[in-house]
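**Q** Structure of the sequence below:
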Amino acid sequence: MAQIEILEHERIDDLERNGYRIIQNEKKFCFGMDAVLLSGFARAGKGERVLDLGTGTGIIPILMEAKTEGEHFTGLEIQEDMADMAGRSVALNGLEDKITIVAGDLKEASKIFGKASFDVVTCNPPYMNQNHGLKNPEEPKAIARHELLCTFDDVAREAAALLVPGGRFYLVHRPHRLTELFETMRKYKLEPKRMKFVHPFVHEEANMVLVEAFRGGRPQMRVEAPVIVYEHPGVYTKEIYEIYGY
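**A** Residues are numbered from 1 along each chain as shown. Below is the predicted model:
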């Protein structure tokens, strides 16, 4: 395997899956539990092509390659330095034949790849809209968390254009925006079909929601049993350990 360059402030983390590792930069943005949960919720079968919009570190394509039978995974990332880092993580794991990282604008995704070119689209989009204040809009962390470079309307529009008829869209987001999310997805003929809430503790309200939508699907929603993250402070539940692969 070729020598992979590790830049200043970067580190290599063990993903505890298939021996895979990932490069992260603590000064920019490191993946969180939301990305890991999405990679466990999303499904990709044999022969299916998967695109991750706003892939960041490349965590979702790498974990889905380990967890699913999808044929090929592509990550699209607008920040060129993040795309470069994700590409080096792919090379670090010898996955160049299975995963492709592309530097480009999510809002132009259907032009970059062509319409109806994927069976599955995933996205861990920025959660915060214009109603949330920003300390520094130029920071990579702000770009990942706030709708600075794209809105959810952009995400849904491009996901719908990129999917084959009957293709599936998977996302993780905040429950307080569910009404907006569903309205926007339906605007682009993405029908929400499956949903799972994520709760920090069993007696606390949900702080994340995982959604599966079908392009052109019929209205019928299935709400699955929730994910509970912690049994006790600092102690994950059995389900979280299984999702992480510990």
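**Q** thought L92 was touching D13?
**A** No - contact criterion C-beta atoms under 8 Å: L92 and D13 do not qualify, at 10.9 Å. C-betas here are computed from N, CA, C, even on glycine.
**Q** Now the common contact residues for the two.
**A** 21-23 (C-beta atoms under 8 Å, 6 or more residues apart in numbering).
**Q** Could you list the low-pLDDT ranges of this structure?
**A** The chain contains residues with pLDDT under 70 at 1-2, 127-149, 246.
**Q** Swap in 50 and give it another go.
**A** 1, 133-135, 142-144, 146-147 (pLDDT under 50).
**Q** who are the neighbours of the longest helix seen in it, in terms of helices and strands?
**A** Assignment by DSSP state H gives helix 80-92 as the longest helix of the chain. If contacts are counted by 3 or more C-beta pairs under 8 Å, 6 or more residues apart in numbering; DSSP states H and E, helix 80-92 sits against strand 21-25, helix 59-67, strand 72-77, strand 99-103.
**Q** what's the helix or strand following the last one in contact with?
**A** Of the helices and strands lying after strand 99-103 in sequence (DSSP states H and E), the nearest is helix 109-113. For helix 109-113, contacts defined as C-beta under 8 Å, 6+ apart pick out 51, 53, 74, 76, 102, 104, 158, 161-162.
**Q** Of these, grab the buried ones for ChimeraX.
**A** This is how ChimeraX selects the buried members of these, with burial counted by 16 or more other C-beta atoms under 10 Å:
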select :51,53,74,76,102,158,161,162
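**Q** Where do the helices of the protein begin and end?
**A** 33-41, 59-67, 80-92, 109-113, 140-145, 152-162, 178-187, 238-244.
**Q** any chance of those helices in TSV, with distance to L171 too?
**A** As requested, the helices of the chain are exported to TSV (distance: least, C-beta to C-beta, whole Å):
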stretch	distance to L171
helix 33-41	7
helix 59-67	11
helix 80-92	19
helix 109-113	14
helix 140-145	15
helix 152-162	7
helix 178-187	8
helix 238-244	17
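**Q** Comparing those, which comes out most buried?
**A** helix 59-67 (a mean of 25; mean count of other C-beta atoms under 10 Å).
**Q** rewinding a little: list just the one of the helices and strands packed on helix 80-92 that sits closest to A44.
**A** helix 59-67 (6.0 Å; C-beta to C-beta).
**Q** Report all helices and strands that the closest one contacts.
**A** Packed next to helix 59-67, using 3+ C-beta pairs under 8 Å, 6+ apart, are helix 33-41, strand 49-53, strand 72-77, helix 80-92, strand 99-103.
**Q** Lovely, talk soon.
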